[in-house]
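next come a sequence and a model predicted from it.
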Amino acid sequence: MYKEKVKKLIIEKVDQYSIIEQKRNESIIRFFNNSVSLAATGSSTILQIYATVGKKRSITTINNMADLDRQVEIFISKLQSLPDGEVAELPAKANYKFNNDFDELLDQEGMVRSVKDAIQSATEAGAERLAGIFKGNKYEIGIITSSGNEAVDKRTSYALNIRAFKEGSSGSGISVSTRISGIDPQATGREAGEISKLSRNPRKINEGVYDVLLYPNVSASVLELVGISASAYLVEIGMSFLKGMLGKTVTASNFSLIDHGQVEGGIGSRAFDDEGAPTGETEIIKDGVFNSYLHNSVTAKSWNTNTTGNAGIIEPEPWNLVVEGGRNAKDKLVSEMKRGIIITNNWYTRFNSYIKGEFSTLVRDAAFYVNNGQIEYPVSGLRLSDNLPRLLSNIVAFSETTKWIKWWGEVSTPVKAPYMLVSGSNISIA
């Protein structure tokens with residue numbers, strides 16, 4: 001509806017355009033002290049408009065459809081006053097494939113049942129108090145481009161995030177899926193409850209170099225940084241540690257990191273990118289070798305290559321990151337640790353140097369000290385400070401089992417992440 005109106009307003013005034021209209025219906029359930037504290041629904045519409053005039057290009061987002069004509073007029077006026085820059089032809093008309101991995105309707109009753117099941121499972125596992133949020137979204141994403149692309153993509157996403165508390169200690173659980181049937185509230189609650197129970201009475205340890213076993217929550221946040229850093233735009237502006245790494249070995253030979261435009265369970269899935277190019281599969285790391293950057297049309301033009309279907313008009317971005325190649329069980333990874341720390345969750349991850357890949361992140365919820373393959377006691381008050389090139393090159397092993405991770409506090413790009421054992425990481429006191 002709105003995108004067609006915008007097309008009529010700008011078609012005679014610009015050379016190229018891509019208009020995306022996203023309609024979203026959302027259900028949110030918050031729970032606190034073992035009971036539902038809020039159940040709410042809402043809807044919104046967002047317009048994204050990209051246009052070029054000569055060598056000028058610009059993008060805007062409109063959240064309020066009131067006075068749409070005036071907002072579009074202001075956008076065109078600002079576009080025409082911009083200095084010349086790099087402009088590329090938008091992708092040609094394409095045939096899109098849709099994997100239809102969504103629910104026809106948001107299952108709000110199923111969401112409430114899932115919350116109750118997660119709470120019960122966590123308390124049975126030993127937790128005293130539970131809190132968290134369950135978000136469900138139904139999207140309808142439509143696109144019109146000047147190159148002839150026009151399509152509508154439908155998606156649903158569900159994300160259950162739970163924290164369990166026991167005598168001052170805490171544990172977390174996450175379950176993410178494109179369908180309500182893919183949510184596992186019992187396992188999510190049980191994991192959070194068990195971790196909170198095991199992490200009571202934590203001790204302090206000395207700063208130093210330790211082997212670390214990263215739970216999927218944590219490995220997802222690290223690997224998301226790798227996927228984002230594969231953006232050719234970030235390489236161009238000096239904000240990626242992957243500059244000059246194409247074709248070089250960066251990690252273990254059995255490790256692969258793949259970006260999927262559409263994949264079962266991947267709640268970042270889309271059939272088309274923001275320029276109208278079909279999304280696909282990009283092997284960022286293949287068998288330990290850095291294999292590909294992520295491109296939109298502009299970066300592809302300047303690099304003399306093809307778009308990978310990852311626009312982001314300004315910055316190419318991953319859709320769903322999947323780790324392949326693991327061969328181990330989690331318990332096997334623990335048994336291989338000599339002197340190390342198990343980190344079950346983290347937050348506040350920040351780069352200290354983008355070009356060097358230096359970052360730090362706070363250890364959240366439970367962590368455990370391991371000596372000669374045995375968990376000895378819980379620990380607290382830690383920070384993981386590392387360097388992404390070093391961390392990738394020091395991956396000792398990772399699990400065959402992977403889990404979809406996405407949550408508001410730390411992981412924005414969905415990552416199907418493993419348990420990951422890394423040698424020689426720096427642990428400091430937070």
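Perfect, I can see it now.

can you list the buried residues in stretch 181-201?
Neighbour-count burial for stretch 181-201 flags 182-186, 188-199 (criterion: 16 or more other Cβ atoms under 10 Å). (Each C-beta comes from the backbone N, C-alpha and C, glycine too.)

cool, and stretch 404-424?
By neighbour count with 16+ other Cβ under 10 Å, stretch 404-424 contains the buried residues 404-407, 410-411, 413-423.

so which of those sit within strands?
Using DSSP state E, the members of these that fall within strands are 404-407, 411, 413-423.

ok, of the residues you listed, which one's closest to R129?
Nearest to R129 among those: W407, at 19.3 Å, using Cβ to Cβ.

quick one: contacts for the closest one?
When contacts are counted by Cβ atoms under 8 Å, 6 or more residues apart in numbering, W407 touches A159, N161, I174, V176, N217.

hang on, isn't the first one packed against M111?
Pointing back at A159 there. No - using Cβ atoms under 8 Å, A159 makes no contact with M111, being 10.5 Å away.

anything in contact with each of the two?
Residues touching both A159 and M111 (Cβ under 8 Å, 6+ apart) are F134, G136.

buried residues in stretch 49-69?
Within stretch 49-69, the residues scored as buried using 16+ other Cβ under 10 Å are I49, Y50, A51, T52, V53, K56, R57, S58, T60, I62.

what helix or strand is the second one on?
The one in question is Y50. Taking DSSP states H and E as the criterion, Y50 maps to strand 35-53.

can you verify S170 is assigned to a helix?
No - counting by DSSP: H, G, I helix; E, B strand; the rest coil, S170 is not part of a helix but strand.

okay, it: pLDDT?
S170 carries a pLDDT value of 97.

T402: neighbouring residues, count only.
For T402, the neighbour count with other Cβ atoms under 10 Å is 19.

who touches the closest residue to A430 other than its chain neighbours in this structure?
Spatial nearest neighbour of A430, chain neighbours left out: R383 (4.3 Å); criterion: Cβ to Cβ, 6 or more residues apart in numbering. R383 makes contact with S360, T361, L362, V363, I427, S428, I429, A430 under the criterion Cβ under 8 Å, 6+ apart.

which SS class is R383?
Here R383 is recorded as strand under three-state DSSP.

so it versus K338, what's the distance?
R383 is 21 Å from K338, where distance means Cβ to Cβ, to the nearest Å.

same question, S77
65 Å.

how is the protein divided into domains?
Listed by automatic domain parsing, the domain ranges of the chain are 2-198, 208-429.

deepest in the core, which of these is it.
Of all the domains of the chain, domain 208-429 has the most neighbours on average by mean count of other Cβ atoms under 10 Å, namely a mean of 20.

could you point out which element follows the lengthiest helix in the chain?
Ranked by residue count under DSSP state H, the longest helix found in the chain is helix 108-124. Next helix or strand after helix 108-124 toward the C-terminus (DSSP H and E): strand 129-145.
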